[in-house]
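Engineer: Fold the following for me, if possible:
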Amino acid sequence: MTSNSDRCGEEEGVDVMSDKRVQLWSLYSVFGFIVAFLIGWVLLARMVPPPSPMNTPEQMARFFRDHLFGIRVGMILALFSSALLLPWGGAICAQMLRVEGARAPLTWAWAAAQGCVVIEFVYPCAFWLMAAFRPDDASRVQTFHDLGWLPFLGIVCTGMFQMVALAVVTVRDERVKPIYPRWFAYFQLWCALGVGLTFGVWIFKTGPLAWDGLVGFWIPVTVYFVWVVTTTAMTGRAIGNDELPTGGRTLADRVAVLEAELAAIRPRMELQP
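Structural biologist: Take a look at the predicted model:
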């Protein structure tokens, strides 16, 4: 006959696998976003390379009329796919909670910032769709086109905060085997500097700092892409190394979590005089 302890062990193993499966599906949903957004934004809408900020209203209206169907379909696809950034952010927050615990100001702030990031993807797509709604009105097209590009590249404060917050949480992890490696914190800070270069899009219409320039577009967009992929890979590794159920459905689960936290900090306490 199967003992109660054996059954509890089996149930705990099932809980761990179930928790990991949900977290990994949530985490890797970001690749669905990347594929769908690139198809919609780049291939269908042809927004890359970006149209010049120096284009006249008539030139922008002609661009939208020439690619009207692709812009409409592509931007709808990009807009809807942006929702996949939410479960991705949730999976990262779950790992941050392992460091911060129940009182987790940086984790909750990171989650709130992720909601803002989703809006920063959704609204530019909506503005470009508005420009395509009445493509014969040249001044209107240019206005909504500007309303798409300027916040899309120029509002990076929430993303920069996420990178800095994740760096701080990484450094604060006192485990012998930390959830994220130490180099990951420095990587986050470098990425924050990289995406912060877009401040110039609010000021310049020509040159490297404009929204079609090397510093205003190509470097920060590349940095953000590398950040998303690297953060996803390291979070997937962290989820794989997590042996505890996260549901907290039973008292035994909570005791196991507390025992693991004590085991993680005990070696450090023993080293102190």
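Engineer: contacts, neighbours, all on C-alpha from now
Structural biologist: Fine.
Engineer: Give me the contacts around stretch 46-54.
Structural biologist: 41-42, 67, 70-71, 146, 205-206, 210-212 (C-alpha atoms under 8 Å, 6 or more residues apart in numbering).
Engineer: got JSON lines for those, with pLDDT too?
Structural biologist: Putting those into JSON lines (pLDDT from 0 to 100) gives the following:
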{"residue": "Trp41", "pLDDT": "96"}
{"residue": "Val42", "pLDDT": "96"}
{"residue": "His67", "pLDDT": "96"}
{"residue": "Gly70", "pLDDT": "97"}
{"residue": "Ile71", "pLDDT": "97"}
{"residue": "Asp146", "pLDDT": "97"}
{"residue": "Lys205", "pLDDT": "95"}
{"residue": "Thr206", "pLDDT": "95"}
{"residue": "Ala210", "pLDDT": "96"}
{"residue": "Trp211", "pLDDT": "95"}
{"residue": "Asp212", "pLDDT": "96"}
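Engineer: From those, list just the buried residues.
Structural biologist: 41-42, 70-71, 146, 205, 210-212 (16 or more other C-alpha atoms under 10 Å).
Engineer: Closest one to Ala167 out of these, please.
Structural biologist: Nearest to Ala167 among the buried ones among the contacts of stretch 46-54 is Trp211, at 27.8 Å by C-alpha to C-alpha.
Engineer: Let me know the secondary structure of the closest one.
Structural biologist: coil (DSSP: H, G, I helix; E, B strand; the rest coil).
Engineer: Run through the residues that contact it.
Structural biologist: Here Trp211 is in contact with 50, 52-53, 149-150, 153, 198, 200-201, 205, 217 (C-alpha under 8 Å, 6+ apart).
Engineer: Show the backbone phi and psi for it.
Structural biologist: phi -70, psi -10 (degrees, to the nearest 10).
Engineer: For the buried ones among the contacts of stretch 46-54, name the two members farthest from one another.
Structural biologist: Gly70 and Lys205 (25.7 Å).
Engineer: before we move on, back to that, ranking by neighbours, what's the top pick from the contacts of Trp211?
Structural biologist: Thr198 (27 neighbours; other C-alpha atoms under 10 Å).
Engineer: Which residues are in contact with it?
Structural biologist: 153-154, 156, 209, 211, 215-217, 220.
Engineer: distance of the nearest residue to Glu58 once chain neighbours are set aside from Pro124?
Structural biologist: Nearest-residue entry for Glu58: Ala138, 5.4 Å, with adjacent residues in sequence omitted and distances by C-alpha to C-alpha, 6 or more residues apart in numbering. Using C-alpha to C-alpha, to the nearest Å, we find Ala138 at a distance of 18 Å from Pro124.
Engineer: Between the contacts of Trp211, which sits nearest Trp25?
Structural biologist: Out of these, the member with the shortest distance to Trp25 (by C-alpha to C-alpha) is Leu153, at 28.5 Å.
Engineer: Output the helix or strand where that closest one lies as CSV - backbone C-alpha positions only.
Structural biologist: Using DSSP states H and E, Leu153 sits in helix 138-154. In CSV, the C-alpha atoms belonging to helix 138-154 read as follows (Å, rounded to 0.1, in the frame of the first residue of the first chain):
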residue,chain,number,x,y,z
ALA,A,138,-2.8,64.3,-45.5
SER,A,139,-2.4,66.5,-42.4
ARG,A,140,-4.4,64.1,-40.3
VAL,A,141,-2.2,61.2,-41.6
GLN,A,142,1.0,63.0,-40.6
THR,A,143,-0.4,63.9,-37.2
PHE,A,144,-1.4,60.3,-36.3
HIS,A,145,1.8,59.0,-37.8
ASP,A,146,3.8,61.3,-35.5
LEU,A,147,1.6,60.2,-32.6
GLY,A,148,2.7,56.7,-33.3
TRP,A,149,6.4,57.1,-33.6
LEU,A,150,7.2,59.6,-30.9
PRO,A,151,5.8,57.7,-27.9
PHE,A,152,6.7,54.3,-29.4
LEU,A,153,10.4,55.3,-29.3
GLY,A,154,10.4,58.2,-26.9
